[in-house]
Structure formats: C-alpha cells, structure tokens
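Asker: Coordinates for the following, if possible.
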Amino acid sequence: MTNEKPLLYESYPGSIVDVSQLKYMLEKIRGYGYKKIGFILDRGYFSKANIQFMDSCDYDFVMMVKGRASFVHGLIMEHMGEFESKRACSIKAYRTYGMTVKAKLYADDDTDRYFHIYYKAKKQASERARLEADLDRMEAEMDKIKGGEYKLPKRYEHYFKLTLQVQSTTSASSPETAPDTTSGASY
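Answerer: Model (predicted):
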C-alpha cells in the first residue's frame, strides 16, 4: 500500500505504558499481514523499553515525548533562540515555529533520533499569563500570613525564597533597639 491512511486505530482505557501492551498491538498488526509500516504513538507509550522494542522490530515511529523529561528540557535549552522567530522555521498553517535536531535519546542509545522542537508564541504568552496570575495569588496568600507562623506548600519554594525569622528577647531593651520578634515568611 502506498497511501497515508491509518490502517488501524485503537483506543485503550487509562495509561498503558508497558511493553506487553505494545507487543500485543504489534502482533495484531502482523496478523493483518502489514509489513513496511510506521506508527504514530501518543506519549503514553514513551518508555525506554517500548522504544527499544520498536527498534528491535525495525518499525519506524513517531512518538510524542513527555515534556517534563530532563533530556527534553536539555534539548530545548540547547537550541533556545535558534528558531523561535526565524521565518525559515515558521510552520505557517499552525502559526508555530519548529526545528528538527538529531540526538541520542538515552546514554546507551545506539540510534540517532530526530526530535522536533516547536514554539508557539501564543501558547507561551498564555502560559506566562497563567504563571503570573499564580504568582500574584501566592504572593497575596503570603501577605495574609505575614508576621505569623505558617507552613507553605513546597511549590512556593520554586518561586520565592522563604525564610522563617524567629527571634526571642532575653534582656530588656528599648522599643527602638528591641529585636524583631515577628515570625513568618519573607519573599
């Protein structure tokens, strides 16, 4: 067959990432007699074992990677500024910019992989606005508890330097030289 129409589409409940599910699907496809085919897999199949299995079967595939993977962050940081506003990297139909880079997926990978990195200004602006709103909300919450003692959720530490200042007095002193006895978060 030379067309580009899907030969098979299956939906599974929940997140199924194990190799046995992938093997089951590939055996089913072999049963239909298909040979030189490629696969488009969602990020739920992203695992070293699944990728190695696809390689061992000699299948071509495209798979979305999990965006929080450290190597994804590394690739993005390595190529930041190289394509985000260059007309040559524009994908006009999607109002997106993108580039393809070649790299190893994991340390002992013996295959060069192609990674497609995308940037969409509208999405970046939306995410930035959401982040700024979250930071404003966090700051307002911290202002309410200023001067008191309160345990803030861990996520605050990513954006704010939190310190607890507790000082006690052991000797009498005048109000203008008295140590600060307040406790609370500073940011």
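Asker: which strands and helices sit next to whichever strand or helix holds R130?
Answerer: Element membership of R130, judged by DSSP states H and E, is helix 121-145. Helices and strands touching helix 121-145, as assessed by 3 or more CB pairs under 8 Å, 6 or more residues apart in numbering; DSSP states H and E, comprise helix 156-159. Bear in mind the C-beta positions are built from the backbone N, C-alpha and C, glycine included.
Asker: Name the residues that touch the helix it packs on?
Answerer: Where contact means CB atoms under 8 Å, 6 or more residues apart in numbering, the residues beyond helix 156-159 that reach it are 135, 138, 142, 162.
Asker: ok, how many other residues are close to Y114?
Answerer: A total of 9 residues lie near Y114 under the criterion other CB atoms under 10 Å.
Asker: wait, is it part of a strand?
Answerer: Yes - according to DSSP: H, G, I helix; E, B strand; the rest coil, the state of Y114 is that of a strand.
Asker: Go ahead and confirm it touches G98.
Answerer: No - using CB atoms under 8 Å, Y114 is not in contact with G98, being 11.9 Å away.
Asker: where does the chain dip in pLDDT?
Answerer: Judged by pLDDT under 70, the chain has its weakly predicted residues at 1-3, 12-19, 67-68, 164-187.
Asker: all strands for it, in order.
Answerer: Counting by DSSP state E, the chain forms strands over residues 38-41, 60-63, 90-91, 96-103, 113-119, given from the N-terminal end onward.
Asker: Make JSON lines out of these and add distance to A125.
Answerer: Rendered in JSON lines, the data for the strands of the chain read as follows (distance: least, CB to CB, whole Å):
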{"stretch": "strand 38-41", "distance to A125": "29"}
{"stretch": "strand 60-63", "distance to A125": "28"}
{"stretch": "strand 90-91", "distance to A125": "17"}
{"stretch": "strand 96-103", "distance to A125": "13"}
{"stretch": "strand 113-119", "distance to A125": "12"}
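Asker: With K146 as the reference, name the closest of those.
Answerer: Nearest to K146, of all those, is strand 113-119, at 38.5 Å by CB to CB.
Asker: For that closest one, name the packing helices and strands.
Answerer: With contacts taken as 3+ CB pairs under 8 Å, 6+ apart, strand 113-119 sits against helix 70-79, strand 96-103.
Asker: okay, it in CSV with CA atoms only?
Answerer: What follows is the C-alpha trace of strand 113-119 in CSV, where atoms were taken according to Å, rounded to 0.1, in the frame of the first residue of the first chain:
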residue,chain,number,x,y,z
ARG,A,113,16.9,10.1,16.8
TYR,A,114,15.2,13.1,15.3
PHE,A,115,13.5,15.4,17.7
HIS,A,116,11.0,18.0,16.5
ILE,A,117,11.0,21.0,18.8
TYR,A,118,8.1,23.5,18.5
TYR,A,119,7.5,27.0,19.8
